[in-house]
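Undergrad: Provided below for reference: sequence and predicted model.
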Amino acid sequence: MSLDFIFARVRDFILGLLQRAEISVPAPSMAQCFLILALLFVPLLLAVELFRNRGSALLNIAVTVLGTLYVSLFFGSLIGIRELFIPEDFPVFAHFAVTGFSASEEVAATVYRWGGLTVMVFFASIWLCDSAAYFAGRAFGHHKLFERISPNKTWEGAVAGLLFAVAAFILGKVVLLPYLTISQAATCGAIVGVFGQLGDLAESLFKRDAGVKDSSTLIPGHGGILDRFDSLLYASPLLYFYLDFVVF
């Protein structure tokens with residue numbers, strides 16, 4: 001499902017191979033491709049469970065579908081953010097004095113560079129949010145944010161994380177991302193500051209329900225891969241939609 005976010009590249013590659021083989025087939029849209037994969041994926045899981053006979057079939061299917069959507073699809077939206085920055089999808093005429101129907105190589109390179117920088121600012125905003133929430137919570141935190149799920153998180157830390165996430169995106173706009181307005185940059189930071197922290201709570205909920213402290217032992221002392229990227233997973237789809245449907 002993550003391949004849907006590089007749909008144009010995959011489509012052009014496959015169609016190129018088919019054209020060289022003189023084979024003509026209709027090309028589905030990105031939405032149709034996603035729907036085809038989803039509609040094939042669930043029946044395939046059901047068929048596998050008919051022969052697997054291990055544990056609860058309902059639980060096995062639910063966990064597999066959620067895992068695919070939560071990790072693959074949400075992480076894929078990070079790729080989607082990067083892939084928004086091509087002249088075919090980016091509002092080139094709003095930011096460059098472009099004549100004709102296509103952007104120059106220089107303009108295309110600038111737009112694509114903005115995509116990489118946007119992802120970098122996104123990461124920096126998340127890391128600053130997490131760090132600010134942690135240190136402010138330890139220093140000033142008195143009001144529990146969600147004690148049932150994560151007893152160490154506080155409202156004071158959450159507010160500090162939100163403010164630093166917004167500040168990071170505004171600074172990123174001033175230094176690296178001229179295509180954003182200040183209000184758009186602040187909104188991007190708010191998405192990170194609010195939904196990134198909700199993603200952290202959701203990961204804590206999963207671990208508490210599973211009865212484990214860390215999501216894995218791959219990164220000693222850091223709680224595992226999902227613990228490092230839970231905020232990114234939750235915020236990526238929302239940032240993708242905001243950039244695609246509002247900013248662009």
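TA: That came through fine.

Undergrad: buried residues, the strand ranked longest in the chain. List them.
TA: Using DSSP state E to assign secondary structure, the strand with the most residues in the chain is strand 150-154. For strand 150-154, burial by neighbour count (16 or more other CB atoms under 10 Å) applies to 150, 153-154. Where C-beta positions appear, they are placed from N, C-alpha and C, glycine not excepted.

Undergrad: out of those residues, which comes closest to Phe122?
TA: Sorting those by distance to Phe122 puts Lys153 at the head of the list, at 21.9 Å, by CB to CB.

Undergrad: this protein: strands as residue ranges?
TA: Going by DSSP E, the chain shows strands at 144-146, 150-154.

Undergrad: possible to save those strands as a markdown table with distance to Met30 and mean pLDDT?
TA: What follows is those, written out as a markdown table (distance: least, CB to CB, whole Å; pLDDT from 0 to 100):
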| stretch | distance to Met30 | mean pLDDT |
| --- | --- | --- |
| strand 144-146 | 36 | 88 |
| strand 150-154 | 36 | 88 |
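
Undergrad: export these to a markdown table and tack on distance to Leu69?
TA: As requested, the strands of the chain are arranged in a markdown table below (distance: least, CB to CB, whole Å):
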| stretch | distance to Leu69 |
| --- | --- |
| strand 144-146 | 23 |
| strand 150-154 | 23 |
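
Undergrad: could you give the angle of the longest helix seen in the chain to strand 150-154?
TA: Counting by DSSP state H, the longest helix found in the chain is helix 105-140. Angle of helix 105-140 versus strand 150-154, following axes from the mean of the first three to the mean of the last three CA atoms, to 10 degrees, is 100 degrees.

Undergrad: distance between helix 105-140 and the chain's centre?
TA: 12 Å (CA atoms, centre = their mean, to the nearest Å).

Undergrad: likewise for stretch 152-162?
TA: On CA atoms, centre = their mean, the centre of stretch 152-162 falls 22 Å from that of its chain.
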